[in-house]
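J.: let me see the structure of the following:
(chains A and B)
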Amino acid sequence: MTAIAVGSASAQRSALARARAWIANPWGRARFLVVVSWAYAISSILPVIIAIQFSFNSGRSVSAWQGFSLSKWYWGDPTNSVWHDSTLQNALLQSMKLAGLDMAIATPLGVLLALGLARWRGYGSGASNFLMLFPLVTPEIVMGVSLYLVFLYLFTFIHPSTLAQVLGHVTFSLSYVVVIIRGRLFSIGRQYEEAAADLGATPSETLRLVLLPLLMPAIFSSLMIVFAISIDDFVISQWLSCGGACDTIPIRIYSATRGAPLPSVNALAAIMVYFTLAALVSAYLLFRYLTRGERPAAGAHGATSMVGDMGAF
Amino acid sequence: MATRANGDVELQDLIKAFGPVRAVDNINLHIPAGEFFSLLGSSGCGKTTTLRMIAGFEQPTHGKILLDGVDMTETPPHKRHVNTVFQSYALFPHLHVFDNVAFGLRRAKVEASEVKRRVGEALELVQLTGFEKRKPVQMSGGQQQRVALARALVLKPAVLLLDEPLGALDAKLRKQLQIELKTLQEQVGITFIYVTHDQEEALTMSDRIAVMSHGKVEQVAPPKQMYEEPATVFVADFLGVSNLMPAEASGDDGRGRCRVKLDSFDLLAGRGDSSASGATKVTIRPERVRLEAHGSTGENRMPAMVERWVYLGNSVQLIVRLATGQVIQALIQNSGDEIPFVQGTPVQVHFPVEALRVLIDTEASAPPIKGAAAKGAAA
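T.: Model prediction:
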């Protein structure tokens, strides 16, 4: 009897201990980690899904589900849908324009800046490296106001306009690009540049034939990040805005929310998501196609490929 | 088109300082064309820095580097007629083997058909024909190393610089490639400057070796001379087992041999500077140490005890404690005969006079003897 009682008590305790071990064993399967990761992923995506869901709402509410309507807010409604509301379309176009220009200008400039900073070994290199990080840590409202003042008092020939917005976006996007590219450069090391120089390549040939191809994943990441922060930007775009014609999607959504928001803004945001998703997927597929030779064939015990196993980074 | 250089390299008063630290401290070397020359030393001795200065990746703080008499210290690396095989191979991961090997040729604007022919030749030389379309990540370490070699050799440089190229390979592959590299060098006839910390590698492959320590060259000599006649204590200790023993030297005995005293035992050293006196070190290679039955008489003999018996397969290593307390190693080749010395038994150790070498201890406070240094530099 006593033996059985003791047996069950120890069985209970060991059950608890076993359960804890099952979850917390660092060498076992990562169950706790998986649960946390999934919870995080779902909690991040859930708001986006709900927003997109309401773009298919058949009523005019953005918070009460009134039935499913596929096209009402996209092209169905004759006055308020995205297809028919020119202000929404302009906002979409303006956001795309800014993001496109930002990517096209900030990324090449950022790559060159990163290369220069990484290779600069003289006086001033420390200071430049430090100064370059400032836009990353400055609060956006401060950046926005400062840029406005710069165009108001210093470069008075530039009025608030698309041009001013582009310049503002490029200014703070540069830091992001430099940080990404510099990190990648650091992990590549100098060996490939030295090898290229050793084989007779001039510095510009080295840049074109060796560095840029190796930096492609990081450049791709930079493009994506610049796109994301440009689309997302509210403060700077608003401070440098010329009025209705320069409104971007965040500005329009904000204005709409002040009044009576319609699911058409959800539709607008959803269009952005579809577009971004399509761009990302096609870019990823292109990347996989271009680097198909760099993944080790099954069974071959090759050395790690820096490009291959670092994915998009 | 410049005339094909011969590959004669000269380093004059070369110094490289990183702040207050001198990584390379006043090196003078002359490497004639076609030689397989090794820079040997432990980590941090300055051998890689020297190589990088010859390649052009580091600028010397002082001094000159001459290739066939032409000063190339100021020339950027992409204009020098030297090529490097890096320790990490540095194969361009985004290009396949053909493009990797053709890289240098295309920079030199060689026309396409010629490029194809020469790449084919180079790959045949390193036995990698058929690998043209592979990417570096799809190949083993040994194969990658050969591609790196082909990439450098296809340009027919005057000098080939190799920075520990076999470091990342397993022992068996390393031995095989050592022989291949040596054969290749003899075949192609280019000057090879080879950096390594593996003394066996250096001894196997080189025509001459320069042992470096703390940025300075300790001795330059062919392998046999370097091993059998080390000029300094460092060199003796670095190559093989040295059995260094502190001794009191008291000059020449009249017949060209140095009198040395190990504790209370009087010995004669037939090698080294016979006129040496004061605190010195004597060294003898383990394979030259003779073990005889306890109680045998004659010059250069002293009693000892066998402490340990290590079977190495092709030889037997005996760790022996001398009567002076010193522990030395003796090596006896396994000739099939029974070795009569058992662990724990007393023996008589015999240091043949012509195998015992006296060295001034430059690592102690005693100043280096001019004779030994001159011998080392002239070699």
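
J.: near residue A:238, how many other residues are there?
T.: 19 (other Cβ atoms under 10 Å in any protein chain shown). In short, each C-beta sits where N, CA and C put it, glycine included.

J.: got the contact list for it?
T.: A:144, A:251 (Cβ atoms under 8 Å, 6 or more residues apart in numbering or on different chains).

J.: how far away is it from residue A:160?
T.: Residue A:238 sits 10 Å away from residue A:160 when distances are taken as Cβ to Cβ, to the nearest Å.

J.: for the chain, what spans make up the helices?
T.: Looking at chain A here, since you left the chain open. Counting by DSSP state H, the segments of chain A that form helices are A:2-24, A:31-54, A:86-119, A:125-131, A:134-137, A:140-149, A:162-188, A:191-198, A:203-206, A:212-232, A:235-239, A:249-258, A:263-290.

J.: my question was about chain B
T.: Using DSSP H, helices in chain B cover B:47-55, B:97-107, B:112-125, B:141-153, B:171-188, B:199-205, B:223-228, B:233-238, B:370-378.

J.: now do the buried residues in the third one.
T.: The neighbour-count criterion (16 or more other Cβ atoms under 10 Å in any protein chain shown) identifies B:115, B:118-119, B:122-123, B:125 as the buried residues of helix B:112-125.

J.: next, the angle from it to helix B:171-188.
T.: If you take axes from the mean of the first three to the mean of the last three Cα atoms, to 10 degrees, helix B:112-125 sits at 130 degrees to helix B:171-188.

J.: so which elements touch helix B:112-125?
T.: Using 3 or more Cβ pairs under 8 Å, 6 or more residues apart in numbering or on different chains; DSSP states H and E, the elements in contact with helix B:112-125 are helix B:97-107, helix B:141-153, helix B:171-188.

J.: how far is it from where the chain is centred?
T.: 33 Å (Cα atoms, centre = their mean, to the nearest Å).

J.: enumerate the residues of the stretch 151-300 of chain B near chain A.
T.: B:151-152, B:155 (Cβ under 8 Å from any Cβ of the partner chain).

J.: which residues touch the residue in the stretch 251-379 of chain B that chain A sits nearest to?
T.: Using Cβ to the nearest Cβ, residue B:313 is the residue of the stretch 251-379 of chain B that sits closest to chain A, at 29.4 Å. Contact analysis of residue B:313 by Cβ under 8 Å, 6+ apart lists residue B:334.

J.: any idea how far it lies from residue A:93?
T.: 80 Å.

J.: reformat the buried residues of helix B:112-125 as JSON lines; add pLDDT.
T.: JSON lines is the format used below for the buried residues of helix B:112-125 (pLDDT from 0 to 100):
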{"residue": "B:115", "pLDDT": "95"}
{"residue": "B:118", "pLDDT": "94"}
{"residue": "B:119", "pLDDT": "95"}
{"residue": "B:122", "pLDDT": "91"}
{"residue": "B:123", "pLDDT": "92"}
{"residue": "B:125", "pLDDT": "87"}
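
J.: relative to residue B:301, which of these is nearest.
T.: Nearest to residue B:301 among the buried residues of helix B:112-125 is residue B:125, at 54.6 Å by Cβ to Cβ.

J.: surely residue A:199 and residue B:106 touch.
T.: No - using Cβ atoms under 8 Å, residue A:199 and residue B:106 do not qualify as a contacting pair, with a distance of 9.3 Å.
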